[in-house]
Structures are given as structure tokens and as C-alpha cells.
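S.K.: okay, here's the prediction I keep looking at, along with the sequence it came from:
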Amino acid sequence: MDAIALSVLSGAHMTLFARLLELLKERGADDIVVFGGGIIPDADITELTAMGVSKIFTPGAPTTAIVAWVNAELGPRRAA
């Protein structure tokens with residue numbers, strides 16, 4: 001598995017992302033790219049990034065931008 005994405009609209013983004021990162025680390029899978037989106041305040045995006053979340057997309061992000069980011073981020077991994 002190369003990546004896991006979460007879409008969080010409930011306001012539980014800090015808890016859910018933190019737990020996911022914790023579980024990946026416990027299992028030695030912290031090389032998996034974690035990204036996501038939802039209604040997430042800018043201050044929380046900064047904190048999530050510091051925790052290890054690679055990218056957060058906010059409401060209105062075009063699907064084409066998300067796909068382009070995934071291809072840019074994961075493309076080199078697939079080539080290796």
C-alpha cells in the first residue's frame with residue numbers, strides 16, 4: 001500500500017489522523033503516505049502537517065488537483 005486518504009467532515013480530524021499515524025508507526029508502516037481533506041481549519045492543517053500528514057485538501061479542491069498531487073507524490077514510488 002502506498003497511501004491512505006481520509007475525508008473528515010465531522011470535526012474529528014485531529015483525533016482520526018493522529019490515531020491513523022500512531023497505528024501505522026506501531027506496525028512499522030510509517031512510510032505509507034497519509035493525506036486527506038475536509039473542513040479543517042488552517043491552524044489544524046499546520047499541526048497535522050507537523051504530525052506527518054503529507055497533504056490536506058480543503059472544500060472546493062478540484063479533483064484534478066488531488067489526482068495531480070497523488071500522481072506527483074506516488075508516481076516516483078511506483079517507478080522504483
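M.R.: Nice, thanks for sending it over.
S.K.: center of the chain, which residue is that?
M.R.: To find the centre residue of the chain, average its C-alpha atoms and take the closest one (Cα atoms, centre = their mean): that gives F35, at 1.1 Å.
S.K.: for that residue, list each beta-bridge partner.
M.R.: Each beta-bridge partner of F35 is listed here: A5, K55, as defined by DSSP bridges.
S.K.: next one: stretch 56-75 to chain centre, how far?
M.R.: In this view, stretch 56-75 has its centroid 10 Å away from the chain centroid, taken as Cα atoms, centre = their mean, to the nearest Å.
S.K.: do stretch 45-55 as well
M.R.: On the basis of Cα atoms, centre = their mean, the separation between the geometric centre of stretch 45-55 and that of its chain is 8 Å.
S.K.: how about the biggest helix by length in the chain: buried residues?
M.R.: Selection of the longest helix in the chain by residue count, based on DSSP state H, yields helix 63-79. Of the residues in helix 63-79, V70 count as buried by neighbour count, 16 or more other Cβ atoms under 10 Å. In this view, the C-beta of every residue, glycine as well, is placed from N, C-alpha and C.
S.K.: for the record, mean pLDDT for the host helix or strand of L20?
M.R.: Using DSSP states H and E, L20 sits within helix 13-26. In this model, helix 13-26 carries a mean pLDDT of 97.
S.K.: could you do stretch 66-79 as well?
M.R.: Per-region confidence: stretch 66-79 scores 86 on mean pLDDT.
S.K.: count residues in the vicinity of the closest residue in space to L74 that isn't next to it in sequence, would you?
M.R.: Nearest-residue entry for L74: D2, 5.0 Å, with adjacent residues in sequence omitted and distances by Cβ to Cβ, 6 or more residues apart in numbering. Counted with other Cβ atoms under 10 Å, the neighbours of D2 add up to 12.
S.K.: show me the contacts for D2.
M.R.: With Cβ atoms under 8 Å, 6 or more residues apart in numbering as the criterion, the residues that contact D2 are 32-33, 74, 77-78.
S.K.: could you rerun that using 10 Å?
M.R.: Remark: with contacts taken as Cβ atoms under 10 Å, 6 or more residues apart in numbering, D2 is in contact with 31-33, 70, 73-75, 77-78.
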